[in-house]
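J.: Let's see this in three dimensions:
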Amino acid sequence: MTPGNAQATLAEIAAHCGQGFALPPSADDAQVFAEPWQAQAFATTVALHQQGCFTWGEWAAALSAAIARAQAQGGHDDGRDYYLHWLDALEHLVAAKGLAQGQQLAALAQAWSDAAAATPHGQPIELSAEAVGDAIHPPR
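T.: Numbering: from 1, shown residues only. Model (predicted):
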């Protein structure tokens, strides 16, 4: 997803949600995503919406709740954690909609953490299909 497409998609989501949708802080020339995982979380959210898993209104409510949870715990209110809130909202919404169970999400997070730990600095992290499969359907 290109930065221009991401900005347009954010604008589309905001238009569907009205005032209930928080947008990431940005300067006119700022990148939408500072890290690849942010773009991946964003693209996953868009794909799940396009598949009918949730409405943009439901997404806005989930993101607002994630931001409120973080603020209640003393989190930063300057936008630097925006995509951490985005990921938190995605995880909660996926679980609430029954798209995945909490144990599956935790197993996937652990598989990702293990892959990251095994990856040399500066190299892309590769999560194998086997690791994903084992996380979703643990071997017996």
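J.: Domain-wise, how is the chain divided?
T.: 1-18+43-99, 102-140 (automatic domain parsing).
J.: Quick one: closest of these to residue 37.
T.: If you check each of the domains of the chain against residue 37 by CB to CB, domain 1-18+43-99 wins as the nearest, at 7.7 Å. Any C-beta I mention is one placed from the backbone N, CA and C, and that applies to glycine too.
J.: Relative to the whole chain's centre, how far out is the closest one?
T.: A distance of 7 Å separates the centroid of the chain from that of domain 1-18+43-99, by CA atoms, centre = their mean, to the nearest Å.
J.: Lowest average confidence across the domains of the chain, which one?
T.: In terms of mean pLDDT, the lowest-scoring of those is domain 102-140 (a mean of 80).
J.: Let me know how buried residue 45 is, in neighbour terms.
T.: 24 (other CB atoms under 10 Å).
J.: That one sits in which helix or strand?
T.: Following DSSP states H and E, one finds residue 45 within helix 36-50.
J.: contacts for that helix?
T.: When contacts are taken as CB atoms under 8 Å, 6 or more residues apart in numbering, the neighbours of helix 36-50 outside the stretch itself are 1, 6, 9, 32-33, 54-56, 59, 83, 86-87, 90, 94, 99, 124.
J.: List the buried residues for stretch 57-74?
T.: By neighbour count on 16 or more other CB atoms under 10 Å, the buried set for stretch 57-74 is 58, 59, 60, 61, 62, 63, 64, 66, 67, 70.
J.: Give me the nearest residue to residue 119, chain neighbours excluded.
T.: The spatial neighbour of residue 119 that comes closest, neighbours along the chain excluded (CB to CB, 6 or more residues apart in numbering), is residue 125 at 4.8 Å.
J.: show me what contacts residue 105?
T.: For residue 105, the contact set (CB under 8 Å, 6+ apart) comprises 91, 94, 95.
J.: List buried residues within those residues.
T.: Neighbour-count burial (16+ other CB under 10 Å) is assigned, among the contacts of residue 105, to 91, 94.
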